[in-house]
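Colleague: Here you go, sequence then predicted model.
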Amino acid sequence: MAFPDQIRDIFQQELEGLREAGIFKEERIICAPQDSEIEVEFPAGSESKRVINMCANNYLGLSSHPEVIEAARRGLDARGYGMSSVRFICGTQDIHKELEKKLTEFLGTEDTILFPSCMDANAGVFEALLNESDVMISDRLVHASIVDGMRLCKAQTDTFKHSDMGHLEEKLQLHASARVKVIITDGSFSMDGDLAKLDQIVSLAEKYGALVFLDDSHASGFIGKTGRGTHEHCGVMGKIDIITTTLGKALGGASGGCVSGRGELVEMCRQRARPYLFSNTIPPVVVSGAIAVLDLISRSTERRDKLEENTDFWRKGLIEAGFILKPGETPIVPVMLFNAKLSQDFARELFREGVYAVGFFFPVVPKGQARIRTQLSAAHERRQLEKALDAFIKAGKKFDVLGLSKQEIIEKYGN
Amino acid sequence: MAETKDIILDYVKREYLEEDDDREVGYDTPLISGGIVDSFSMVSLKRFLENRYSIQIPDAKASPEAFDTVNNILDLLKEFKVG
């Protein structure tokens, strides 16, 4: 097969450019089931090391839960491995319908359609519903998959400053004449860990006759008193027109996503959403595991309650130690270091101390906003969090950032 | 009365910069290619100009290049006898 040198050179140069820019991504190889402690090879090929995992989206600790594994195993036996078909030809089993019904009940909506991932749900939903006469008005910090979905849609686009309700209202007034106006937001924002002001967004939507779209991927299963999501937390259950969420984080962590909401809108996705029409849906084994997850968390709030306690302990511990955190109440806890190199050096030091957390910097977060993003899990035991906290404090002392203000850290390390 | 380019620059800063964003933005600062204005948000700038100067800018003329700097926007507005 021809792969001429001049073409190889083009891509080698592009890859080199990524390395030089410091944005070349490397995978850490995990040699264990996903959990609060994992065996990690880093760099790949080196001897694996047991570390406390502070960077998984395994919020409820269900990724390797015995009840979920057992249900998945039973599903594999009962419904096989693959579907070899898209949904509307011969790719829909009884368990797919059962999972959709359970998600509808859990999220408090009218109907639900499964997608291979939430990335696919977001990529397909806007194009399926909207046309040139409509407008999508999104928070400026929504997830990349929403941005991609908006790009694929012919409706007009506009944005409002992150969680700025005055700015959103201006935009609703500006686009008053659009056929359909959709306000688009994440529930819990994945980089900062803050929650959308969903009650105020719903009020504005009602005032201006707009729809509300919510991506609740970093909230479904644990935000709100019974874990239904940001709409439960904000007291607006039943008032969100379109919710997308994932089964790849708190809800078992395997894969899959959905669009859940008003019956007509979900039906339009069944008719028109391309990732639903042109790819297989979630395999039976994952569907069976996800059903078990929903049963488990509908039975008891024990796991989301423990996650809340862990989050509280972790936030308080870091603040008392003198770190600067992004304020919030979610299990996404960003430890602000501001300087990109410092965030990388700090993460390496943590790894040496047996804690796995990742440093994020521009372009993933704005310039001068580098941080270590930590994420809590219900699977974390108190002793693990205490050990992780010790490692943070030790690294904090080594880099001499404890108790310093943002300005002082920037003066020391630059931004 | 403020000059047209200052009116546009002021709008760009208010509309697209966050409160804690201390980036310097001037008449020749790349707005779109520089990541200050994303393609989804360009519509606000277009609508602002149309409302402020009572003009209609055809979509074909509202290209990312034409909107990339305040000075480029001034050149565009001259076609509509503004400025």
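Modeller: Yes, it's here.
Colleague: where does whatever residue of the stretch 51-200 of chain A ends up closest to chain B land in three-state SS?
Modeller: Residue of the stretch 51-200 of chain A nearest chain B, by C-beta to the nearest C-beta: residue A:157 (3.9 Å). To be clear about C-beta, it is placed using only N, CA and C from the backbone, and glycine gets the same treatment. The assignment at residue A:157 comes out as strand when based on DSSP: H, G, I helix; E, B strand; the rest coil.
Colleague: roughly how far apart are the residue of chain B positioned farthest from its centre and residue A:176?
Modeller: For chain B, the largest distance from the centre (C-alpha atoms, centre = their mean) belongs to residue B:20, which lies 20.7 Å off. Here residue B:20 is placed at a distance of 31 Å from residue A:176 (C-beta to C-beta, to the nearest Å).
Colleague: And residue A:95, by the same measure?
Modeller: Where residue A:176 is concerned, residue A:95 sits at a distance of 45 Å (C-beta to C-beta).
Colleague: Comparing those two, which residue is more hemmed in?
Modeller: residue A:95 (17 against 12; other C-beta atoms under 10 Å in any protein chain shown).
Colleague: does that one belong to a helix or a strand, and which?
Modeller: helix A:94-107 (DSSP states H and E).
Colleague: Contact residues of chain B facing chain A?
Modeller: With the criterion set to C-beta under 8 Å from any C-beta of the partner chain, chain B comes near chain A through B:18, B:21, B:38-41, B:43-44, B:47.
Colleague: and these, which are buried?
Modeller: Among these, those buried by neighbour count (16 or more other C-beta atoms under 10 Å in any protein chain shown) are B:40-41, B:43-44.
Colleague: picking that back up, what pLDDT does the model give the residue farthest from the centre of chain B?
Modeller: Looking at residue B:20, its pLDDT is 74.
Colleague: again, but for residue B:59
Modeller: pLDDT at residue B:59 comes out at 86.
Colleague: Over to residue B:64?
Modeller: Looking at residue B:64, the pLDDT reads 89.
Colleague: Am I right that it is in a strand?
Modeller: No: going by three-state DSSP, the assignment for residue B:64 is coil, not a strand.
Colleague: The residue lying closest to it once chain neighbours are set aside: neighbouring residues, count only.
Modeller: Ranked by C-beta to C-beta, 6 or more residues apart in numbering or on different chains and with sequence neighbours excluded, the top spatial neighbour of residue B:64 is residue B:32, at 4.6 Å. Residue B:32 has 20 neighbours, counted by other C-beta under 10 Å.
Colleague: I'd guessed residue B:32 sits against residue B:39; true?
Modeller: Yes: between residue B:32 and residue B:39 there is a contact at 6.9 Å, judged by C-beta atoms under 8 Å.
Colleague: Can you work out which residues contact both of those two?
Modeller: Common contact partners of residue B:32 and residue B:39 (C-beta atoms under 8 Å, 6 or more residues apart in numbering or on different chains): residue B:64.
Colleague: Report the contact partners of residue B:56.
Modeller: residue B:50.
Colleague: Roughly how far does it sit from chain A?
Modeller: 15 Å (C-beta to the nearest C-beta, to the nearest Å).
Colleague: For the residue of the stretch 251-400 of chain A found nearest chain B, the count of nearby residues, please.
Modeller: Nearest residue of the stretch 251-400 of chain A to chain B: residue A:366, at 7.8 Å (C-beta to the nearest C-beta). When neighbours are counted by other C-beta under 10 Å, residue A:366 registers 16.
Colleague: Please apply the same query to residue B:42.
Modeller: 19.
Colleague: Let me know the helix or strand that it is in.
Modeller: Per DSSP H and E: helix B:42-53 holds residue B:42.
Colleague: What helices and strands are in contact with the helix or strand just after that helix?
Modeller: Heading C-terminal from helix B:42-53, the first helix or strand you meet, by DSSP H and E, is helix B:70-78. Counting contacts by 3 or more C-beta pairs under 8 Å, 6 or more residues apart in numbering or on different chains; DSSP states H and E, helix B:70-78 is packed against helix B:4-16, helix B:42-53.
Colleague: To residue A:132, which of those lies closest?
Modeller: Minimum separation from residue A:132 across the helices and strands packed on helix B:70-78 (C-beta to C-beta) falls at helix B:42-53, 12.8 Å.
Colleague: what pLDDT, on average, does the closest one get?
Modeller: On average, helix B:42-53 scores 90.
Colleague: got the contact list for that helix?
Modeller: Under C-beta under 8 Å, 6+ apart, the answer for helix B:42-53 is A:156-159, A:171, A:174, B:7-8, B:11-12, B:15, B:32, B:37, B:55-57, B:62, B:64, B:67, B:73, B:77, B:80, B:82.
Colleague: Residue A:229 contacts residue A:220, doesn't it?
Modeller: Yes: at 4.9 Å, residue A:229 and residue A:220 qualify as touching, with contact defined as C-beta under 8 Å.
Colleague: Now do the shared contacts for these two.
Modeller: A:107, A:187, A:245.
Colleague: Out of these, which is nearest to residue A:317?
Modeller: Checking the shared contacts of residue A:229 and residue A:220 one by one against residue A:317 (C-beta to C-beta), the nearest turns out to be residue A:187, at 25.7 Å.
Colleague: residues touching that closest one, list them.
Modeller: So residue A:187 contacts A:195-196, A:198, A:214-220, A:223, A:229-231 (C-beta under 8 Å, 6+ apart).
Colleague: so which two of the residues you listed are the farthest from each other?
Modeller: Between all members of the contacts of residue A:187, the farthest pair (by C-beta to C-beta) comes out as A:198 and A:217, at 14.6 Å.
Colleague: tell me the SS of the nearest residue to residue A:36 once chain neighbours are set aside?
Modeller: Excluding its sequence neighbours, the residue lying closest to residue A:36 (C-beta to C-beta, 6+ apart) is residue A:379, at 4.0 Å. The three-state assignment at residue A:379 reads coil, by three-state DSSP.
Colleague: One more: the one 5 residues further on?
Modeller: In three-state terms, and counting by three-state DSSP, residue A:384 is helix.
Colleague: How many residues are close by it?
Modeller: Neighbour number of residue A:384 under other C-beta under 10 Å is 19.
Colleague: which ones are touching the residue lying closest to it once chain neighbours are set aside?
Modeller: Distance criterion C-beta to C-beta, 6+ apart; nearest residue to residue A:384, sequence neighbours excluded, is residue A:52 at 5.0 Å. By C-beta under 8 Å, 6+ apart, residue A:52 lies in contact with A:36-37, A:354-356, A:380, A:384, A:387-388, A:391.
Colleague: now do residue A:356
Modeller: With C-beta under 8 Å, 6+ apart, residue A:356 has these contacts: A:28, A:38, A:40, A:51-55, A:350.
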